[in-house]
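K.L.:
Requesting a structural model of the entry that follows:
(one chain, ligands or ions: 1)
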Amino acid sequence: MAKKVKLDKDLCISCGVCNAVCPSLFDWDDDGKLKALVEEVPADLEDAAAEAEASCPTGAITVE
Ligand code: SF4
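P.N.:
Model prediction:
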């Protein structure tokens, strides 16, 4: 089953790390924070999604 990615905007400090790590999954939203572009993570992006989750300094990203 595909993993799901969530980004909690209340925790996001707009550092941009997730976009740098995986621009296919995370992009800037109109409010200056980041958004997840998809809910289900494509298989070929699972490693990048996990890296973004581990790299987020505030724990705003969960992949499960
Ligand atoms: S890495 Fe985390 S804090 Fe930084 S922009 Fe992405 S979601 Fe926001």
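
K.L.:
which residues in the chain form strands?
P.N.:
5-7, 26-28, 34-36, 61-63 (DSSP state E).

K.L.:
Columns distance to the ligand on top of those strands, output as a markdown table?
P.N.:
Backbone N, C-alpha and C define where each C-beta goes, glycine included. As requested, the strands of the chain are arranged in a markdown table below (distance: least, C-beta to the nearest ligand atom, whole Å):
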| stretch | distance to the ligand |
| --- | --- |
| strand 5-7 | 5 |
| strand 26-28 | 6 |
| strand 34-36 | 4 |
| strand 61-63 | 5 |
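
K.L.:
how about a markdown table for the ones you listed, with mean pLDDT added?
P.N.:
Formatted as a markdown table, the strands of the chain follow (pLDDT from 0 to 100):
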| stretch | mean pLDDT |
| --- | --- |
| strand 5-7 | 98 |
| strand 26-28 | 98 |
| strand 34-36 | 97 |
| strand 61-63 | 98 |
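
K.L.:
I'd like those strands written out as CSV, with distance to Leu45 added.
P.N.:
Supplementary listing: the strands of the chain in CSV, determined by distance: least, C-beta to C-beta, whole Å:
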stretch, distance to Leu45
strand 5-7, 9
strand 26-28, 11
strand 34-36, 11
strand 61-63, 10
